[in-house]
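Student: let's see this in three dimensions:
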Amino acid sequence: MDIKWLEDFITLARLQSFSRAAEERHVTQSAFSRRIQALETWVGVPLLDRSRFPTTLTPEGRRFREMAEETLRNLLQSRASLTASSQNDVPTIAVAALHTLSVTFFPQWLSEIEKSIGPCGSRLLPDDFHNCMAAIVDGSYDFFLTFYHEAVPLLLHPNHFPHCIVAQDFLVPVGLPLHEPQSSSLFPLLTYSPNSFLGQICQCQEAQAVLPYGPDTVRHVNENAMAEGLRKMVLAGHGCAWLPRSLIEKDLETHEMIALGKEIPLEIRLYRKAEHTRSVVEQVWQASHRMPYANKE
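Tutor: Numbers count the residues shown, from 1 in each chain. Model prediction:
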């Protein structure tokens, strides 16, 4: 199979037109059609419903599109990583990290790693919990940096994805100074998507005992799970929220925000794809274990 066939198919699925897809791929329509037919022959099932207009994928075609996009994405990422490594002659690691940790923790963590093992290149994926999980499970990334709380179990097998506790943070209920703790329930609650990692922690019994969630209190929901977005909403006076202390340390010091109740301790964990055994991966793993908060379970 030629990789061009996958690129052709993905373009056709997006444009739903043989002529427009062929034009974008800079080939004649007849040559483009032959390549699509060759791909269908290789797959063994029809990928297109040619009885409908515009061009429509069959159920098998829709499934294959997802696999084709993922395959191309992984190939391009691997090529970029290998090219960067050969050009710079610096070992590179790939890290998926929650949005907040990519800003508040990753830079200083990488600095500590480089103090221990020397110069190290990195490829960082700042994303939500589920996409980061998928990235390390499918092998696209070597490591996963995430918050951890017992209320939200991580379904990663310890033999395949061992972890190391590299630091500690706290989830803090905060508001503006006018949001006095005794009256915080009178102000709207700003929250994360209920399916996000921090959103699930904020719904646990421990969190609700401090700032209760209910239909009369929740007004704004941040669907992209970025804590920085909720921080800006709090500073703009839209309500109260749970935010990682590492993100709002300066806000608390300058009293732009105040804590409204008991904090919830969080672990910062580094998960590793055990199958990835490159020298730099091993070195980073050992260096992470030597950090002050490091602990292995």
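
Student: what's the following helix or strand after the top helix by length along the chain?
Tutor: Looking across the chain with DSSP state H, the single longest helix is helix 59-88. Sequence order places strand 92-98 as the next helix or strand after helix 59-88, per DSSP states H and E.

Student: just checking: what are the partner strands of that following strand?
Tutor: strand 121-127 (parallel), strand 143-148 (parallel) (DSSP bridges).

Student: follow-up on the earlier one: just checking, what packs against the longest helix of the chain?
Tutor: helix 3-15, strand 92-98, strand 121-127 (3 or more CB pairs under 8 Å, 6 or more residues apart in numbering; DSSP states H and E). Yep, even glycine has a C-beta here, placed from its N, CA and C like the rest.

Student: so that helix versus strand 121-127, what angle?
Tutor: Relative orientation of helix 59-88 versus strand 121-127 (axes from the mean of the first three to the mean of the last three CA atoms, to 10 degrees): 150 degrees.

Student: helix 59-88 - what's its average pLDDT?
Tutor: Mean pLDDT, helix 59-88: 77.

Student: ditto for stretch 2-21
Tutor: Averaged across stretch 2-21, the pLDDT comes to 89.

Student: buried set for it?
Tutor: Going by neighbour count (16 or more other CB atoms under 10 Å), the buried part of stretch 2-21 is 5-6, 8-13, 15, 17-18, 20-21.

Student: with stretch 228-241 instead?
Tutor: 228, 229, 230, 231, 233, 234, 238, 239, 240, 241.

Student: now do the contacts for the spatially closest residue to residue 263 that is not a sequence neighbour.
Tutor: Distances taken as CB to CB, 6 or more residues apart in numbering put residue 170 closest to residue 263, at 4.1 Å, once the chain neighbours are dropped. Shown in contact with residue 170 (CB atoms under 8 Å, 6 or more residues apart in numbering): 244, 245, 263, 264, 265, 266.

Student: one more time with 6 Å
Tutor: Counting by CB atoms under 6 Å, 6 or more residues apart in numbering, residue 170 makes contact with 245, 263, 265.

Student: highest neighbour count among those?
Tutor: Among those, residue 245 has the most neighbours (other CB atoms under 10 Å), with 19 neighbours.

Student: what distance do you get for residue 265 to residue 175?
Tutor: 20 Å (CB to CB, to the nearest Å).

Student: again with residue 130
Tutor: Look at residue 130 and residue 175: by CB to CB, they are 29 Å apart.

Student: same question for residue 4.
Tutor: Taking CB to CB, one finds residue 4 at 56 Å from residue 175.
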